[in-house]
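Novice: what follows is a predicted structure for the sequence shown.
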2 protein chains.
Amino acid sequence: MLFRVTILGCNSAIPTTKRNPTAQLLNVSERYFLIDCGEGTQIQLLKNHIKMQRINHVFISHMHGDHYFGLIGLISTMHLLGRTKELHIYGPSILKEIIQLQLSASNTELCYPLFFHPLTFESSSLIMEDDILEVYTIPLRHSISCCGFLFKEKQKSRKIIKDKIKEYNIPLEAIQSIKEGEDFEYLGQSIPCFELTKPAPVVRSYAFCSDTAYDERIVPVIRDVDLLYHEATFMNNLKERAEQTLHSTTGQAASIASQANVKRLLIGHYSSRYKDLEPLLIEAQCVFPNTELAKEGIQYEIPLSHVVNS
Amino acid sequence: MLFRVTILGCNSAIPTTKRNPTAQLLNVSERYFLIDCGEGTQIQLLKNHIKMQRINHVFISHMHGDHYFGLIGLISTMHLLGRTKELHIYGPSILKEIIQLQLSASNTELCYPLFFHPLTFESSSLIMEDDILEVYTIPLRHSISCCGFLFKEKQKSRKIIKDKIKEYNIPLEAIQSIKEGEDFEYLGQSIPCFELTKPAPVVRSYAFCSDTAYDERIVPVIRDVDLLYHEATFMNNLKERAEQTLHSTTGQAASIASQANVKRLLIGHYSSRYKDLEPLLIEAQCVFPNTELAKEGIQYEIPLSHVVNS
């Protein structure tokens, strides 16, 4: 029951030899979700021993190159390695055109099905769900259409306590309804379902806020998430530059985290001017102490937890 | 009077963490020519301390991703860094469409002029020249339209010998015609121009043969070049695989070098299956002893030389 983000790239657009452009791998119970895919992401996957063919869903936040220039290379390599499984891509609709043009230029007919899911950017909407997870967009304020992504586990039903099955001689066919909240009749007595079950784990959530100026409209969408990634391209002294380029400062990222009551904040998308990232961390922690730096190759895990006394 | 090739990537399409896809930087007298531009080339330029803004001409051999997926990133970074100089790109015409679509997707209007020169692939043709260099295409046999590039210095005129100016009291206005081959009249005597001048350096040439099956039609185009890069994706035991995929073996690359009487052969575009490249070198050297391995970060220089006794 893993819920883990691995940072593959944490830099902003101008390349450096020390950090890669944006890409992250979210692993939820061994289902792999790739979030953004800057140039060099396939090499970052290799270096981090992440099997690219296990990725079935790719989410692209916007059409600035540092967030998607690595995608066509990844798609091509998956093809060259003989992939047969479906790949689903969620991104701005023009991305589909670009991919199609590039595939046609190399006369490539992919050996696997590629499904494209165009995004809209006006309001938060559910764009994917399976049996364990839902993914919503998070509209952001940037120089071109841009959104983040909220990954949220689905609420599971409570678990039956095995000892109680014996104690009250509960038949198999009654278990599902007890888990869903019905009490159980035993020798003329009503046994409360809460006595027969234990709570399911608390749902976990991760919000990825790609490129954005400070925007309080994000707050209700990401409220209470376990882990928030919010860009912090600049330090506080470059607040004007941040506003001009529609990016955020460390203090602004931390303020959003604080207002949204998130549990942990991860900052990233650092300007190439910053060699040492500690000062960015210190600034963010002044506003939101539970801040960490996004660093490449580092895994950020959200552990499974249960509500106490329920 | 430099003439130097720096290898930035020497691997074939399937990525590895050890080698990058094809890219080379040719420096002719401090003019920079980029040849192919696989994913990650801009980082390779940085790592090799090559200033990307000094590149004014980019040559793309064909539309397989391992030869051009890094180009849009390079174009974008040049823009972000405030380039104002012209950039000239020579490649298949669809490449222009792809670049335009990607720029429009990010709402980018480049801050420098980008000129696109579409290639044709039927026969060798002159595609660029300046005062010191000519560039010709080399039609290749591959699964999609593909060509190599022949870089050839222009023949310079002979140099006047300074001491002879004094000795024969040669006026300034006569020098150019002497250099171009006229004899000089001195006290009723004809002084042969060869006595008054020394030969210009021998013209140097580099041929880049990107992706190609064995094809003897290349031979006359690249005859006598100083340095030939010829792909050698496979070892000799995979000759059938080479033919299927329209690539070459080490022996085939060496055979072309031998038939064309080139001075040195550089092999590259290695299949990712080869960790140790020495066996490829040994095979090629069996046919053409003056073979070297293309290795990233290594510079291959063609020294200036003069014809002896002329």
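Specialist: Now that the structure is in, tell me what you want to look at.

Novice: what's the pLDDT at A:Ser310?
Specialist: The model reports A:Ser310 with a pLDDT of 44.

Novice: brain fart, A:Phe59
Specialist: So A:Phe59 comes in at 98 (pLDDT).

Novice: and if you look at the one 4 residues further on?
Specialist: At A:Met63, the pLDDT value in this model is 98.

Novice: which residue packs closest to it, ignoring adjacent ones?
Specialist: Nearest residue to A:Met63 in three dimensions, chain neighbours excluded: B:Ala105, at 4.2 Å (Cβ to Cβ, 6 or more residues apart in numbering or on different chains). Placement of C-beta: from N, CA and C, glycine included.

Novice: so what's the one you found up against?
Specialist: Counting by Cβ atoms under 8 Å, 6 or more residues apart in numbering or on different chains, B:Ala105 touches A:Met63, A:Pro92, A:Ile94, A:Leu95, A:Ile98.

Novice: which of those fall within strands?
Specialist: Judged by DSSP state E, the contacts of B:Ala105 include no members of strands.

Novice: please narrow the residues you listed to those residing in helices.
Specialist: A:Ile94, A:Leu95, A:Ile98 (DSSP state H).

Novice: could these go into a markdown table alongside neighbour count?
Specialist: As requested, the ones in helices among the contacts of B:Ala105 are exported to a markdown table (neighbours: other Cβ atoms under 10 Å in any protein chain shown):
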| residue | neighbour count |
| --- | --- |
| A:Ile94 | 16 |
| A:Leu95 | 23 |
| A:Ile98 | 21 |
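
Novice: distance check, whichever residue of the stretch 101-250 of chain A sits closest to chain B against A:Leu304.
Specialist: Nearest to chain B, among the residues of the stretch 101-250 of chain A, is A:Ala105, at 4.1 Å (Cβ to the nearest Cβ). Here A:Ala105 is placed at a distance of 46 Å from A:Leu304 (Cβ to Cβ, to the nearest Å).

Novice: what do you get for A:Thr120?
Specialist: 33 Å.

Novice: in a markdown table, list the contacts of B:Ala105 along with distance to B:Ile127.
Specialist: Output for these, formatted as a markdown table (distance: Cβ to Cβ, whole Å):
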| residue | distance to B:Ile127 |
| --- | --- |
| A:Met63 | 32 |
| A:Pro92 | 35 |
| A:Ile94 | 31 |
| A:Leu95 | 32 |
| A:Ile98 | 27 |
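
Novice: and which of these is nearest to B:Gly38?
Specialist: Set against B:Gly38, the nearest of the contacts of B:Ala105 by Cβ to Cβ is A:Ile98 (17.8 Å).

Novice: for that closest one, which non-adjacent residue is spatially closest?
Specialist: That would be B:Leu101: by Cβ to Cβ, 6+ apart, it lies 5.6 Å from A:Ile98.

Novice: in the contacts of B:Ala105, find the pair that's most separated.
Specialist: Using Cβ to Cβ, the contacts of B:Ala105 reach their maximum pairwise distance at A:Pro92 and A:Ile98, which is 9.7 Å.

Novice: how about A:Lys179, what does it touch?
Specialist: A:Ser157, A:Arg158, A:Lys159, A:Ile160, A:Cys193, A:Thr197.

Novice: likewise A:Gly65?
Specialist: By Cβ under 8 Å, 6+ apart, the contact list for A:Gly65 reads A:Ala13, A:Pro21, A:Gly38, A:Glu39, B:Ile72, B:Gly73, B:Ser76, B:Gln102, B:Ser106.

Novice: skipping adjacent residues, who's closest to A:Leu150 in space?
Specialist: In this structure, A:Leu150 finds its nearest non-sequential neighbour in A:Tyr136, 4.3 Å apart by Cβ to Cβ, 6+ apart.

Novice: the one you found: which element?
Specialist: strand A:133-139 (DSSP states H and E).

Novice: neighbours of the closest residue to chain B within the stretch 201-310 of chain A, how many?
Specialist: Closest residue of the stretch 201-310 of chain A to chain B, Cβ to the nearest Cβ: A:Ser272 (9.7 Å). By other Cβ atoms under 10 Å in any protein chain shown, the residues close to A:Ser272 number 15.

Novice: could you look up the SS state of it?
Specialist: coil (DSSP: H, G, I helix; E, B strand; the rest coil).

Novice: that older thread, just give me the neighbour total for the residue nearest to A:Leu150.
Specialist: A:Tyr136, neighbours per other Cβ under 10 Å, totals 21.

Novice: get me the contact residues on chain A for chain B.
Specialist: Within chain A, the residues that sit near chain B (Cβ under 8 Å from any Cβ of the partner chain) are A:13-17, A:39-40, A:42-43, A:46-47, A:63-65, A:69-70, A:72-73, A:76-77, A:80-81, A:92, A:94-95, A:97-98, A:101-102, A:104-107, A:143-144.
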